[in-house]
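Enquirer: Below is the sequence, then the predicted model.
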Amino acid sequence: MTPFSGVDYYAIDGLLTDEERMIRKTVRDFVEREALPEIEACHSREEFPRQLIPRMASLGFFGANLKGYKCAGLNNIAYGLICQELERGDSGLRSMVSVQGSLCMYPIYAFGSEDQKQRWLPPMAAGRAIGCFGLTEPDHGSDPGGMETRAHADGDDYTISGTKRWITNGSIADIAIVWAKTSEGIRGFLVEKGTRGFSAHDIKGKFSLRASITSELVLDEVRVPRASMLPGVRGLKGPFACLTQARYGIVWGAIGAAMACYHTALDYAKNRTQFAKPLAGFQLVQQKLVHMLTEITKGQLLAWRLGKLKDDGALRPEQVSLAKRNNVSHALDIARLARDVLGANGIVNEYPVIRHMLNLETVNTYEGTYDMHTLIIGRDITGADAIR
Ligand SMILES: Cc1cc2nc3c(=O)[nH]c(=O)nc-3n(C[C@H](O)[C@H](O)[C@H](O)COP(=O)(O)OP(=O)(O)OC[C@H]3O[C@@H](n4cnc5c(N)ncnc54)[C@H](O)[C@@H]3O)c2cc1C
């Protein structure tokens with residue numbers, strides 16, 4: 001295969017600073033040299049390449065857009081480019097960074113006490129402590145407000161009981177952010193690995209996001225001190241604020257997966273001959289390639305503008321919904337088209353396309369499904385709530 005050198009039909013590189021391009025190159029090199037050689041084996045074994053965690057930390061990937069507490073303090077375009085390049089490798093790599101940074105470090109950073117920040121953020125940035133985010137339950141996915149996990153105040157402690165399911169990094173996490181209903185609404189709790197009554201069990205047999213750990217968390221009368229509650233937020237706006245951060249990373253990550261598929265399909269079409277000429281010379285194949293490139297280009301512009309709005313503090317969650325919905329669904333479409341262009345070779349792991357295609361099925365579902373984002377945007381523009 002021709003080495004990957006990016007997809008940039010609209011000279012979007014010209015919108016990036018030297019530092020942003022340099023960061024992208026660093027991540028691209030890491031993915032090319034250190035992650036891609038590992039990923040197929042991890043995918044087939046259903047495990048995350050944990051040996052990469054110290055290196056990912058040393059490159060500043062964890063909590064990259066947070067300031068202080070040993071975080072890299074990058075702007076949101078640079079952070080987005082990290083997500084893009086990681087997901088060109090595998091959605092599992094980007095998921096690790098999203099969960100660690102946006103779903104675990106961010107709530108501690110934004111809503112935690114100073115003690116919680118000092119205790120957890122530096123080791124999490126260094127990859128010495130891994131986090132997971134427990135919101136979804138077996139019976140409550142798109143409707144997290146229906147959660148059944150309860151935390152009862154008991155003197156200076158809380159006892160938490162419930163089950164969280166589909167939790168990325170669950171069994172390898174040192175700290176879980178668990179969202180539970182209390183007498184004063186939904187609150188977030190920091191639950192440490194090894195706490196009595198707390199266990200995590202991996203979900204096996206996934207066809208998607210296999211190079212990522214997905215677990216069920218069981219909390220059976222887990223006793224935690226009151227000081228482990230996130231003091232700065234109550235209600236669903238806590239988990240939703242985290243999801244906005246993570247969805248922002250997905251907006252960029254999906255472009256990376258789409259780029260990998262487009263690059264593979266273009267290369268394949270130029271080199272595969274049928275009917276005495278390269279596939280790339282047939283109109284129907286060109287139409288597919290052009291569609292892929294068009295959607296990648298539109299997705300890049302959405303992501304870049306979103307990043308600028310985020311840096312300016314002007315980002316609305318509904319704008320993130322629009323870009324998450326668009327970029328992921330088009331990435332999935334691009335992956336399916338690329339798989340088609342590769343014919344029978346599209347179904348084997350010699351090429352990354354089928355892996356990305358299967359991964360993107362999860363990315364389309366988690367952090368708000370395609371349809372839930374439709375309804376969020378629909379509510380925003382019409383004022384009518386069609387979710388309930
Ligand atoms: C690999 C993986 C990793 C994950 N990691 C995490 C994690 O780390 N932490 C975490 O908390 N969760 C995680 N999730 C859970 C994920 O966020 C949920 O799967 C997602 O929110 C959808 O919930 P659900 O699967 O229960 O589907 P459901 O909510 O049951 O939805 C099923 C279908 O019904 C549709 N639907 C639902 N409500 C409506 C409505 N009102 N109107 C129209 N259609 C509707 C949905 O769009 C979807 O098509 C993960 C999931 C996966 C697959």
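Expert: Received it, and whenever you're ready, just let me know what you need. Numbering: from 1, shown residues only.

Enquirer: When you work out contacts or count neighbours from here on, use the C-alpha atoms and nothing else.
Expert: Will do.

Enquirer: And the pLDDT at the residue located most distally from the centre of the chain?
Expert: Distance from the C-alpha centroid of the chain, by CA atoms, centre = their mean, peaks at residue 276 (42.7 Å). On pLDDT, residue 276 comes in at 98.

Enquirer: For this protein, which residues are neighbours of the ligand?
Expert: 133-136, 140-142, 166-168, 209, 214, 362, 365-369, 371-372, 387-388 (CA under 6 Å from any ligand atom).

Enquirer: Now, those residues that are in strands?
Expert: Judged by DSSP state E, the residues of the chain next to the ligand include 133, 134, 166, 167, 168, 214 as members of strands.

Enquirer: Number of residues surrounding the nearest residue to the fifth one once chain neighbours are set aside?
Expert: Setting aside the residues directly before and after it, residue 168 is nearest to residue 214 in space (CA to CA, 6 or more residues apart in numbering), at 4.4 Å. Using other CA atoms under 10 Å, residue 214 is surrounded by 26 other residues.

Enquirer: same deal with the one 5 residues further on?
Expert: Number of residues near residue 219 (other CA under 10 Å) recorded here: 23.

Enquirer: Hmm, it is touching residue 162, no?
Expert: Yes - using CA atoms under 8 Å, residue 219 makes contact with residue 162 at a distance of 5.2 Å.

Enquirer: Helix, strand, or coil at the residue nearest to residue 149 when sequence neighbours are not counted?
Expert: Spatial nearest neighbour of residue 149, chain neighbours left out: residue 162 (4.1 Å); criterion: CA to CA, 6+ apart. The three-state assignment at residue 162 reads strand, by DSSP: H, G, I helix; E, B strand; the rest coil.

Enquirer: ok, now which ones touch residue 162?
Expert: By CA atoms under 8 Å, 6 or more residues apart in numbering, residue 162 lies in contact with 148, 149, 150, 218, 219, 220.

Enquirer: would residue 232 count as being in a helix?
Expert: No - if the criterion is three-state DSSP, then residue 232 is coil and not within a helix.

Enquirer: To what extent is it buried, counted in neighbours?
Expert: Counted with other CA under 10 Å, residue 232 comes out at 15.

Enquirer: if I look at it, how far off is the ligand?
Expert: 20 Å (CA to the nearest ligand atom, to the nearest Å).

Enquirer: Quick check: the gap between the closest residue to that residue other than its chain neighbours and residue 188.
Expert: Nearest non-adjacent residue to residue 232, counting by CA to CA, 6+ apart: residue 111, 4.1 Å away. Distance of residue 111 to residue 188, given as CA to CA, to the nearest Å: 9 Å.

Enquirer: Could you do residue 107 as well?
Expert: 9 Å.

Enquirer: Between the two, which has more neighbouring residues?
Expert: Taking neighbours as other CA under 10 Å, residue 107 and residue 188 compare with residue 188 leading, 31 against 23.

Enquirer: What strand or helix carries the more buried one?
Expert: Assessed by DSSP states H and E, residue 188 sits inside strand 185-192.

Enquirer: Average the pLDDT values over that strand and round to the nearest integer.
Expert: Rounded mean pLDDT across strand 185-192 is 98.

Enquirer: Can you list the neighbours in contact with it?
Expert: Taking CA under 8 Å, 6+ apart as the rule, strand 185-192 contacts 174-181, 224, 228-230, 233-236, 238.

Enquirer: Narrow those to those in strands?
Expert: 175, 176, 177, 178, 179, 180, 181, 224.

Enquirer: Specify the beta-bridge partners of the fifth one.
Expert: With beta bridges defined as DSSP bridges, residue 179 has these partners: residue 188.
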